[in-house]
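**Q** Predicted model and sequence below, questions to follow.
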Amino acid sequence: MRFFVLGAGSWGTVFAQLLKENGEEVILWARRKEIADLINNSHTSPYIDEMEISVRATNNLDELKSTDILVIAIPVQHVREHLSRLSKKPSMVLNLSKGLEIKTGKRISEIVKEILGCPYAVLSGPSHAEEVARKLPTAVTLAGDNARELQRRISNEYFRVYTCEDVVGVEIAGALKNVIAIAAGILDGLGGWDNAKAALETRGIYEIARFGRHFGADQKTFMGLAGIGDLMVTCNSKYSRNRRFGELIAKGFDPQKLLESSHQVVEGAFTVKAVVKKADELEIDMPISEEVYRVIYGGKSPFQSMKDLMKRSLKDEFWAD
Ligand SMILES: NC(=O)C1=CN([C@@H]2O[C@H](COP(=O)(O)OP(=O)(O)OC[C@H]3O[C@@H](n4cnc5c(N)ncnc54)[C@H](OP(=O)(O)O)[C@@H]3O)[C@@H](O)[C@H]2O)C=CC1
Ligand SMILES: O=C(CO)COP(=O)(O)O
């Protein structure tokens, strides 16, 4: 059994190398031939500093075998297109990407079911690639098919994998925390206010859990590594692209120009479109996500957004909805 990692950005590359060092057979697919060549010839990648890469890279999707585990590590908005291009169906999919598809509002598990119909698992949690590359202690959760076997194969002395049964909750938590992290970055850019940041993270996980409840997610998941754990790291880490994007917006940079010029994916900026649409259809109250949407796509001032969130009608902290 071999892992075929689809995506040679920072996380795909580091995860592929982790698997290789765990003794697994791995191949890393890069969209561009020059990235595959660079990895094979110089054992480095522009996406990750100071890591020697010994995994073999390819940019040929046809190298996927039907016995492979396909690991998804590409931007969510391009997953459907790449799965549709596969000439063979893998034995199973392990998803690392975090987001919702804009045009359908679907999670990756739903896209995989529609296109491949094969077994599926998702791995998520506070796991910035830059720290995993340095072998710093990291804990994540894995939900879905063959969870125990994957847990055993992926875990090592610095990467600890827990299992849980809630695929829906893990996917929703990973997707929506990126939206809240943009808001956290906005607060950092406005002045780095500690009270406001703590309130945002707390109300943010509550907002994510409320969204998740509409899709049958287990509320416990949002208190775990894929929920509050990943939300905390993304809202506070210097490595987070979502947090940094928010910070630059608050400092006056144009959101669209930032997205156009970014070499790395800011998933929350896209997922927020799907979240706002679903929330509107299903009448789910998502005040933070809606303000993030207005700032990115409606030209609203971040300061005004923050003021409007504070002016909402007064209510109980844990209200039924
Ligand atoms: N970085 C991290 O710490 C973590 C990331 N994730 C998630 O993993 C996923 C991948 O992120 P990450 O590895 O960080 O990626 P990066 O942002 O580091 O790099 C972007 C990657 O996406 C590729 N890409 C861009 N456009 C397309 C396209 N149209 N089709 C296919 N590939 C494309 C790029 O290829 P090219 O070089 O050719 O432009 C590059 O490999 C995201 O969903 C992210 O949220 C999850 C956990 C941790
Ligand atoms: O998901 C991540 C860490 O767990 C990565 O977050 P960013 O995409 O914001 O860097």
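**A** All right, it came through fine. Numbers count the residues shown, from 1 in each chain. Ligands and ions are numbered 1, 2, ... in the order given.

**Q** and the gap between Val266 and ligand 2?
**A** 7 Å (C-beta to the nearest ligand atom, to the nearest Å). (Each C-beta comes from the backbone N, C-alpha and C, glycine too.)

**Q** what does the stretch 201-321 of the chain put close to ligand 1?
**A** Residues of the stretch 201-321 of the chain lying near ligand 1 by C-beta under 6 Å from any ligand atom: Gln264, Val265, Glu267.

**Q** confidence score at Met1?
**A** We have a pLDDT of 86 for Met1.

**Q** show me what contacts it?
**A** Met1 makes contact with Glu25, Thr67, Asp68, Ile69, Ser91, according to C-beta atoms under 8 Å, 6 or more residues apart in numbering.

**Q** coming back round to it: of the residues of the stretch 201-321 of the chain next to ligand 1, which qualify as buried by neighbour count?
**A** Using 16 or more other C-beta atoms under 10 Å as the burial test, these include Val265, Glu267 as buried.

**Q** Among the residues of the stretch 201-321 of the chain next to ligand 1, name the ones in strands.
**A** Assigned to strands by DSSP state E, none of these qualify.

**Q** coming back round to it: out of the contacts of Met1, which is nearest to ligand 1?
**A** Ligand 1 lies nearest to Ile69 out of the contacts of Met1, by C-beta to the nearest ligand atom, at 16.4 Å.

**Q** Could you give the bridge partners of that closest one?
**A** When bridges are called by DSSP bridges, Ile69 pairs up with Phe3, Met92.

**Q** So for the helix or strand harbouring Gly12, mean pLDDT?
**A** Assigned by DSSP states H and E, Gly12 belongs to helix 10-21. For helix 10-21, mean pLDDT is 98.

**Q** and it with ligand 2, contact?
**A** No. Helix 10-21 lies apart from ligand 2 when judged by C-beta under 6 Å from any ligand atom; the minimum separation is 7.3 Å.

**Q** Packing partners of that helix?
**A** strand 2-6, strand 25-29, strand 69-72, helix 129-133, helix 147-154 (3 or more C-beta pairs under 8 Å, 6 or more residues apart in numbering; DSSP states H and E).

**Q** Please list the residues outside the first one that contact it.
**A** It refers to strand 2-6. Contacts of strand 2-6 (C-beta under 8 Å, 6+ apart): 12, 15-16, 19, 24-29, 55, 63-65, 67-74, 82, 90, 94.

**Q** The shortest one now?
**A** Counting by C-beta under 8 Å, 6+ apart, strand 69-72 makes contact with 1-7, 12, 15-16, 64, 79, 86, 90-97, 108, 112, all of which sit outside it.

**Q** Sort out which of those residues are buried, if you could.
**A** Buried among these by 16+ other C-beta under 10 Å: 2-7, 12, 15-16, 64, 79, 86, 90-97, 108, 112.

**Q** Tell me where the stretch 101-250 of the chain has strands.
**A** Remark: strands assigned in the stretch 101-250 of the chain by DSSP state E, counting those that start in this stretch are 120-124, 138-144, 159-164.

**Q** tilt between the last one and helix 10-21?
**A** This means strand 159-164. For strand 159-164 against helix 10-21, the angle between stretch directions is 100 degrees (axes from the mean of the first three to the mean of the last three C-alpha atoms, to 10 degrees).

**Q** element containing Leu94?
**A** Per DSSP H and E: strand 92-95 holds Leu94.

**Q** elements contacting that strand?
**A** strand 69-72, helix 108-115, strand 120-124.

**Q** quick one: contacts for the residue in the stretch 1-150 of the chain that ligand 1 sits nearest to?
**A** When scored by C-beta to the nearest ligand atom, the stretch 1-150 of the chain has Gly9 as its residue closest to ligand 1, at 2.4 Å. Listed by C-beta under 8 Å, 6+ apart, the contact partners of Gly9 are Tyr47, Ala73, Ile74, Gln264, Val265.

**Q** Apply 10 Å and report the result again.
**A** Applying C-beta atoms under 10 Å, 6 or more residues apart in numbering to Gly9 gives the contacts 30-31, 35, 45-48, 73-75, 97, 129, 263-265.

**Q** likewise Glu52?
**A** Counted by C-beta under 10 Å, 6+ apart, Glu52 has contacts Gln17, Ser42, His43, Thr44.
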